[in-house]
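Peer 1: Dropping a prediction and its sequence here:
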Amino acid sequence: MRKKKKVFPILIVLTLACLSVLLWLIIDSPIPSQPAREGVLDLSDWNGETMMLSGQWDFYWNKFLDKNELRQNPEPDLKAEFPSVWNKFVVNGREVGGMGFATYRLHMTGVKAGAPLALRVIPFSTAYELYIDDTLTASSGKVSTSADGFVPQYTIQTVSFTPDRDEFDIILHVSNFIYARGGAWYAIYFGNPENITRISQDISSRDYFVMICLLLLSAASMFLFFLRRDKGYLLFISLCLVFLLRTIIDGSYLVNLILPSVGFRTVICIDYISLYWLPVFCVALFRYIYPENLSLMYLKLLIVYAVVITILTLALPVRIFTEFIYLAELIAAVTCIYGVMKMLLLTLKRNREAYFIFTGGSALTLCVFRDLLCENNLIVAGYVEMSPMGFLALAIFLQCMFWVRYDRRTKENERMLLELNKADERERKLELQFLKSQIRPHFINNALNAIISISRTDADKSRKLLIEFSKYLQNLYSVQNLEDKVPIENELSFVRSYVALEQARFSDFLHIEYDIDNIFLMVPPLTLQPLVENAIVHGIKGKDGAGHVLIYIKDCGDFAKVGVSDDGVGIEPEHAAALLSDEHNGTGVGIYNINRRMKRLYNTGLHIESRPGGGTDAYIFIPKEGESCCEP
């Protein structure tokens, strides 16, 4: 036990160490970058490795300049940091804001003439045109000097070109009249065509892999939901769908392939709304699993926030609701930290399920923070966004958690079932003891008195009765389990012994008949004798004159009809129904126990047909084989 207690803290330490290594890898592995200075990038020492174009670019505000105009070397409005948002750029003593248009230029020297090159251009701002000298090489949407001719678009471009000189200009026209932020805020990746193509293929393959895995996990969870009816699976599926939306929006921008007809505003709405609801579904799922450890108030506030901001996003223009991005990113970051810390506390308490959520949540948190820092140009890292892999890691760990949770519940159910079986076994033993105790002392006393009385006049008969009495007691106390089955002959032997003793006392008033078909039948013990006793004690003894009791076993094909019929005083239907009721409380315990055992064993109960003064017929249908009811 002590060893197990020591293993779990070690596991937590190893997990934190692995997450620390992951954090170091995703932050400290930037793609090579050689920043431009004063609008010029010298590639004389470039080894052909893929690099990120960054540094100081010439920036011309509210101008679209072409190669011919730039040959005159006009003075730029400023040397702008690339990539970055232009909202805070100051031109002529004023911040330019988000709306407008501009030209970026980077002069590249030291390249090898005739060697093919390539660019990977991620969507930035809302429309752009990229020229290599005076050749249009890539574009997204339609740039314009006003909102009238402006058309935004959300596409990624991978293009190749071959310079015919050892220097050239990258000229970038950018316009924005719809988004809250403007400018070239994402990096351009530069390299040879093979490397750029491989990068694009790697990112596309990664996104397809994540998307397929999320769909498979969602499908499996839907199947498990229909099997187990655990609402946690529905929350998990919702979370996977949000992850899926985030994956197709970023990375290789699969949204353009999956939903090619979707407009710019719809894509932006999907981007923002999925970000709003991501923390909601995370907290809702975690709180469903641990209702006592995560604040219900925090979840309610998140839901109100998501609903309100979603409505505003759908109702307001793009240039207004895109101002919400910093608030949405802040809430997502705070929620990630909140959830991870809560799961860490539970993990430290040796909660196995929380360990999976903590590990997956930590991986997602690190990946999301890394991407947020990259998108806001606070750090320089690799070209691959890590959030989709973080989504997949959390989804896989959550699915593992569900399996661990299901395994724990299964073991708990097995343990409860075992305890119920033990309790049921104790109950059956008590029931058996109770039935045996129903052999009233006065019956034994009366039977012995009858035997003594007969011995004075008929010694042979008294000896036979003593033998029957011995058989009766032997049969009674040989019963060890009411659920066992005995041949019907054993039960009939017990009944005959009982009947012989009763007839010795009431020879002139009690007539017993048997109608037994020749069939092999296994029956629970103490099934027939209580019915015979009930017929004699409550049916015949209350009748004036002699009474008849018929004990019968009739072959009815797949089942047998076993019963006792008498011509005694009968029983009121209401009283008969009360004896067979599950809420029975009072006399007639033997009838009640037989009825309950028949229901438990054969899914059918005891039948009582009677009318006052007309006798009673009590019978049961017992299948010849199997444990299911074969009642006609």
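Peer 2: In hand now; what should we look at?

Peer 1: What residue spans form the domains of this structure?
Peer 2: For the chain, the structural domains run 40-191, 213-412, 438-623, going by automatic domain parsing.

Peer 1: Serialize those domains to TSV and add fields for mean pLDDT and distance to residue 198.
Peer 2: For every residue, glycine as well, the C-beta is placed using N, CA and C. Formatted as TSV, those follow (pLDDT from 0 to 100; distance: least, Cβ to Cβ, whole Å):
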stretch	mean pLDDT	distance to residue 198
domain 40-191	92	9
domain 213-412	85	11
domain 438-623	78	67
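
Peer 1: Can you say which of these is nearest to residue 202?
Peer 2: Of all the domains of the chain, domain 213-412 sits nearest to residue 202, with 7.2 Å by Cβ to Cβ.

Peer 1: For the closest one, what is the distance to the chain centroid?
Peer 2: From the chain centre to the centre of domain 213-412 is a distance of 15 Å (Cα atoms, centre = their mean, to the nearest Å).

Peer 1: Any idea how far apart the tips of it sit?
Peer 2: 31 Å (Cα to Cα, to the nearest Å).

Peer 1: mind giving me CSV with the domains of the chain and columns for mean neighbour count and distance to residue 199?
Peer 2: Listed next are those as CSV, based on neighbours: other Cβ atoms under 10 Å; distance: least, Cβ to Cβ, whole Å:
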stretch, mean neighbour count, distance to residue 199
domain 40-191, 18, 6
domain 213-412, 18, 6
domain 438-623, 17, 67
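
Peer 1: can you redo those domains as CSV with distance to residue 203?
Peer 2: What follows is these, written out as CSV (distance: least, Cβ to Cβ, whole Å):
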stretch, distance to residue 203
domain 40-191, 9
domain 213-412, 5
domain 438-623, 61
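
Peer 1: Let me know which of the ones you listed is the nearest to residue 205.
Peer 2: Short answer: domain 213-412, nearest of the domains of the chain by Cβ to Cβ, at 8.7 Å.

Peer 1: Run me through the strand neighbours of the helix or strand containing residue 564, direction for each.
Peer 2: Assigned by DSSP states H and E, residue 564 belongs to strand 559-566. Strands adjacent to strand 559-566 in the sheet, as given by DSSP bridges, are strand 547-555 (antiparallel), strand 616-623 (antiparallel).

Peer 1: So for residue 88, which of those strands sits nearest?
Peer 2: Residue 88 lies closest to strand 616-623 among those, at 86.1 Å (Cβ to Cβ).

Peer 1: Do you have the helices of the stretch 401-550 of the chain handy? List them.
Peer 2: All helices of the stretch 401-550 of the chain, identified by DSSP state H, counting those that start in this stretch, fall at 441-455, 459-478, 488-505, 529-534.

Peer 1: From the contact counts, what lies against the second one?
Peer 2: Counting contacts by 3 or more Cβ pairs under 8 Å, 6 or more residues apart in numbering; DSSP states H and E, helix 459-478 packs against helix 441-455, helix 488-505.

Peer 1: Leaving out the residues flanking it, which one is nearest to the residue nearest to the spatial centre of the chain?
Peer 2: Per Cα atoms, centre = their mean, the C-alpha nearest to the average position across the chain is that of residue 233, at 2.4 Å. Residue nearest to residue 233 in three dimensions, not counting chain neighbours: residue 225, with 3.9 Å by Cβ to Cβ, 6 or more residues apart in numbering.

Peer 1: now swap in residue 561 and tell me
Peer 2: The spatially closest residue to residue 561, leaving aside those adjacent along the chain, is residue 554, at 4.5 Å (Cβ to Cβ, 6+ apart).

Peer 1: Quick check: that neighbour touching residue 515?
Peer 2: Yes. Assessed by Cβ atoms under 8 Å, residue 554 is found in contact with residue 515 at 7.3 Å.

Peer 1: which residue of this structure sits farthest from its center?
Peer 2: Most distant residue from the mean C-alpha position of the chain: residue 457, 82.1 Å away (Cα atoms, centre = their mean).

Peer 1: and the gap between the closest residue to residue 485 other than its chain neighbours and residue 591?
Peer 2: Nearest non-adjacent residue to residue 485, counting by Cβ to Cβ, 6+ apart: residue 522, 3.9 Å away. Counting by Cβ to Cβ, to the nearest Å, the separation of residue 522 from residue 591 is 22 Å.

Peer 1: Residue 467 too?
Peer 2: From residue 467 to residue 591 the distance is 29 Å (Cβ to Cβ).

Peer 1: quick one, which of the helices of the stretch 401-550 of the chain is nearest to residue 319?
Peer 2: That would be, of the helices of the stretch 401-550 of the chain and by Cβ to Cβ, helix 529-534, which comes in at 87.3 Å.

Peer 1: hang on, the earlier thing: for residue 418, find the nearest of the domains of the chain.
Peer 2: Of all the domains of the chain, it is domain 213-412 that lies closest to residue 418, at 10.4 Å by Cβ to Cβ.
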